[in-house]
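*Asks:* Quick one, fold the following:
(chains A and B)
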There are 2 protein chains.
Amino acid sequence: MHHASDILLLLFIVFVAAQIGGEIAQRLKLPSVVGEIAAGCVIGPSLLGWVTPEQIAIGTPLDVLSEVGVVLLLFSVGLETRLDDLKKVGRTAFMVALIGVLVPFGMAAVWAHVEGLNWDRSMFVAAAFVATSAGITARVLQELGVLQRIESRVILGAAVIDDVLAMLLLGIVVSLQGGESLNPGHLLVVLGEALGFIAVIGWGGARIMRWNSAWLDTPRHAQSPLLIALALCLGLAYVSTLFGLAAIIGAFLAGMIASETRQQHTLETQTRPLLTLLVPFFFVVTGAKIDLHELASPDALWMLLVVTAIAVVSKLVGGGLGALSLGPRSATIVGFGMVPRGEVGIVVASLGLAAGVFDNRIYAVIVAMSLLTAMLTPPVLAGMLRRWPSPQFAAQNRNDSIQ
Amino acid sequence: MHHASDILLLLFIVFVAAQIGGEIAQRLKLPSVVGEIAAGCVIGPSLLGWVTPEQIAIGTPLDVLSEVGVVLLLFSVGLETRLDDLKKVGRTAFMVALIGVLVPFGMAAVWAHVEGLNWDRSMFVAAAFVATSAGITARVLQELGVLQRIESRVILGAAVIDDVLAMLLLGIVVSLQGGESLNPGHLLVVLGEALGFIAVIGWGGARIMRWNSAWLDTPRHAQSPLLIALALCLGLAYVSTLFGLAAIIGAFLAGMIASETRQQHTLETQTRPLLTLLVPFFFVVTGAKIDLHELASPDALWMLLVVTAIAVVSKLVGGGLGALSLGPRSATIVGFGMVPRGEVGIVVASLGLAAGVFDNRIYAVIVAMSLLTAMLTPPVLAGMLRRWPSPQFAAQNRNDSIQ
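*Replies:* Here you go, the predicted structure:
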């Protein structure tokens, strides 16, 4: 009579573990996301085993809840982001994305070649080092309430462009690996489509909303702006995958155009309980995917250290160089904000493993590196953001206290 | 790179279909839940096939989202229900539940025996006619804003007791069917445990919350009462399945004890966006389960009509008799409010099919009956509630206009 029993227990365990982990992290003056990922690692297959690998596999209920969670998270970050603010930092964001893709790609390809892979395979491995996963950084920025800082806007803008470049690069290495010759015309079409999608939705959508958003208030009931915004969020998240982009890019764009409406404040309030329920699933599942057994040998551990160092340093240098015009401190913040690879690196690694490009050991190390960067970034980023107040903000606060 | 694509499309389709269905229903002056169920039927396997039977099977992401949706729905209904109000109608609710279980059980058993099953099997069939599914009625009552009416409180109280009795009855028929002799001592223990759970949680929990609920406000962030309330909701939903009860009973109790806190109003506001996102999945999935193909023959259709008539009339009479002390109109409302069988009848039917108690045809008819009662109840119930204002309410409104 009660098939729902097992899954309810699982949801309860994941939800409560996230809260306990978050609470402990906060007491240790760490962002709560660190505690949530750590909680996932503890209750996951590596340690307690309360969550099994089968329960977090692709397409399982927990995986879908986690996907919906990160989609809603980026939607809410979009809600706090204005297109005009992004446009102001457009050039910097583009440089951060471009150099921040090229440097990790180059460094990782050299490392893989030194490890004995041929250049085609090395470039495939390197593609797993490229794409920033915006979820982790976005949550830290949101939690600290610094989404309005210039560094935050650069990071968010760069994350969107970064995803386009990473998608393109993955397309290239997959063709090379498959023995196909590169078709520059085709690549241009793919690039054009993705940029066109972003431009039409981001720019056109924002214009429409700014012009008239009364239609969001259907007379049906008080939740009507949220109804339509959620449909927009799910719809654009899906459509962005059709253009080869991550679902969270579409969700971010949906939030950004919804931020142009006069219901923006209501939407922010209404979205918060959704984040409370669903976002923990994303971070706990991320943590549960960390497989400590694969890293038990000194060899693997050493390789992981090297790989993670390459991943962190290359993104920090690449992203930082792109943002150097903001000054050294802001450039460091931006560079670090781009470090987390999260699930994107994992997915590329899975593709490589399935295609026989590399073996289980390299796969495990790349997955661990992706998760480790996700784990390392929040405390460092939070520390820097707290220690180095934004020049704008300092000025603004001074004005406020004068008035 | 984008495994999430398919599931996002599915979520988008289900969510938007629910909104369109709900909107159409509202324009036709019907409760929106009717439109949501109808939308599920349209996009489901019977008609458009955009949602396949595999996508709504037990344990799939859609099934889990729908389960979480109905759990949150009953939690929010609990939030609007005070224990003291339920206690006042306790005796009536008990009579409604008891007679409302016995009459359908008896009538359905006779029908199944006439259809040629032996008495043991007939009683198994009859068990599928017994348990009211509170989700449908609760949503109608909530949508019309009449959860404070005496009939609503009787229905909710009766739904809790009804679930205990149905669980007990199912235990009996399963033993009989399995050829075991009845063990009255064991049944008493099962009954005692379930009632003990409800009493300890409902009564004890309410007392604790009334005494001190400051601990719900952890300093962490503004969502803290919701955090703890959601953990309570998921936890009690799970625990109630351990006592053989439906998950929604635990969720309802969680809501009811949370309604005793001073954060009750905040919790109601915070729960609403969660309902907006998740409840549509429950009703659309319910509708998508309706299999019109199985009912294509005149024979099956005729049997369905007879079975549905028995299901409706027996619950209306049984529930109505129990509530006769409220007057004939209120008794009719209560009786009709108990009519929907929803997923509980389906689960019993699945057990019977798996145990070889009856054939595919009877199974399909029982499932269709369960869904048909869920579909028929909202418009009739809403009509009666609108036409017959509550005596209390009429008095209250008069007082209000005098002041």
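*Asks:* low-confidence ranges in chain A?
*Replies:* Residue ranges of chain A with pLDDT under 70: A:1-4, A:215-223, A:343, A:391-403.
*Asks:* now the strands: where do they sit in the stretch 51-200 of chain A?
*Replies:* Counting by DSSP state E, counting those that start in this stretch, the stretch 51-200 of chain A forms no strands at all.
*Asks:* ok, which stretches of it are helices?
*Replies:* According to DSSP state H, counting those that start in this stretch, the stretch 51-200 of chain A carries its helices in the segments A:61-79, A:83-88, A:90-114, A:119-127, A:134-143, A:150-177, A:184-199.
*Asks:* And stretch A:164-175, what's buried?
*Replies:* A:164-174 (16 or more other C-beta atoms under 10 Å in any protein chain shown). (C-beta placed from N, C-alpha, C; glycine too.)
*Asks:* Could you do stretch A:136-156 as well?
*Replies:* Applying 16+ other C-beta under 10 Å to stretch A:136-156 flags A:136-144, A:146-156 as buried.
*Asks:* same question, stretch A:364-373
*Replies:* Within stretch A:364-373, the residues that count as buried by 16+ other C-beta under 10 Å are A:364-373.
*Asks:* List of residues touching it?
*Replies:* By C-beta atoms under 8 Å, 6 or more residues apart in numbering or on different chains, the surrounding residues in contact with stretch A:364-373 are A:37, A:125, A:128-129, A:133, A:286-287, A:289-291, A:294-295, A:300, A:303-304, A:307-308, A:311-312, A:339-346, A:348-349, A:352.
*Asks:* Could you export that stretch as CSV, CA atoms only?
*Replies:* Output of stretch A:364-373 as CSV, limited to C-alpha atoms (Å, rounded to 0.1, in the frame of the first residue of the first chain):
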residue,chain,number,x,y,z
ALA,A,364,38.1,8.8,-11.3
VAL,A,365,40.7,11.5,-10.9
ILE,A,366,38.9,13.9,-13.2
VAL,A,367,35.6,13.3,-11.3
ALA,A,368,37.4,13.8,-8.0
MET,A,369,39.1,17.0,-9.3
SER,A,370,35.7,18.4,-10.4
LEU,A,371,34.2,17.7,-7.0
LEU,A,372,37.3,18.9,-5.2
THR,A,373,37.2,22.3,-7.0
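*Asks:* Please compute how far it lies from its chain's middle.
*Replies:* Stretch A:364-373 sits 14 Å away from the centroid of its parent chain (C-alpha atoms, centre = their mean, to the nearest Å).
*Asks:* what's near enough to touch the residue nearest to residue A:203 when sequence neighbours are not counted?
*Replies:* With sequence-adjacent residues excluded and distances taken as C-beta to C-beta, 6 or more residues apart in numbering or on different chains, residue A:203 is closest to residue A:83, at 7.0 Å. Listed by C-beta under 8 Å, 6+ apart, the contact set of residue A:83 reads A:202-203, A:206, A:256-257, A:260.
*Asks:* Among those residues, which one has the most neighbours?
*Replies:* residue A:256 (27 neighbours; other C-beta atoms under 10 Å in any protein chain shown).
*Asks:* can you tell me which of the helices of the stretch 51-200 of chain A comes nearest to residue A:268?
*Replies:* Comparison of these against residue A:268 by C-beta to C-beta identifies helix A:61-79 as nearest, at 5.5 Å.
*Asks:* list the helices and strands the closest one packs on?
*Replies:* In terms of contacts (3 or more C-beta pairs under 8 Å, 6 or more residues apart in numbering or on different chains; DSSP states H and E), helix A:61-79 is packed against helix A:5-27, helix A:134-143, helix A:224-242, helix A:247-258, helix A:264-288, helix B:5-27, helix B:61-79.
*Asks:* Show me which residues of that helix are buried.
*Replies:* For helix A:61-79, by 16+ other C-beta under 10 Å, it's A:61-79.
*Asks:* Chain B versus residue A:291, what's the distance?
*Replies:* Using C-beta to the nearest C-beta, to the nearest Å, we find residue A:291 at a distance of 19 Å from chain B.
*Asks:* An error on my part: the question was meant for residue A:146.
*Replies:* 15 Å.
*Asks:* now swap in residue A:248 and tell me
*Replies:* Counting by C-beta to the nearest C-beta, the gap from residue A:248 to chain B is 9 Å.
*Asks:* Residue A:290 now?
*Replies:* 19 Å.
*Asks:* How many residues are close by that residue?
*Replies:* When neighbours are counted by other C-beta under 10 Å, residue A:290 comes out with 24.
*Asks:* export the helices of the stretch 51-200 of chain A to a markdown table and tack on distance to residue A:213?
*Replies:* Shown next, in a markdown table, are these (distance: least, C-beta to C-beta, whole Å):
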| stretch | distance to residue A:213 |
| --- | --- |
| helix A:61-79 | 13 |
| helix A:83-88 | 14 |
| helix A:90-114 | 24 |
| helix A:119-127 | 40 |
| helix A:134-143 | 23 |
| helix A:150-177 | 22 |
| helix A:184-199 | 20 |
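*Asks:* Quick one: closest of those to residue B:390.
*Replies:* So among these, helix A:61-79 is nearest, using C-beta to C-beta, at 38.9 Å.
*Asks:* May I have the closest one as CSV, with CA atoms only?
*Replies:* What follows is helix A:61-79, C-alpha atoms only, in CSV (Å, rounded to 0.1, in the frame of the first residue of the first chain):
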residue,chain,number,x,y,z
PRO,A,61,14.4,10.9,-8.6
LEU,A,62,17.2,12.3,-6.5
ASP,A,63,19.2,13.2,-9.6
VAL,A,64,16.1,15.0,-11.0
LEU,A,65,15.4,16.8,-7.8
SER,A,66,19.0,17.9,-7.7
GLU,A,67,18.8,19.1,-11.3
VAL,A,68,15.6,21.0,-10.6
GLY,A,69,17.3,22.5,-7.5
VAL,A,70,20.3,23.9,-9.4
VAL,A,71,18.0,25.1,-12.2
LEU,A,72,15.9,27.1,-9.6
LEU,A,73,19.1,28.3,-8.0
LEU,A,74,20.4,29.8,-11.2
PHE,A,75,16.9,31.2,-11.9
SER,A,76,17.0,33.0,-8.6
VAL,A,77,20.5,34.3,-9.3
GLY,A,78,19.2,35.6,-12.6
LEU,A,79,16.4,37.3,-10.8
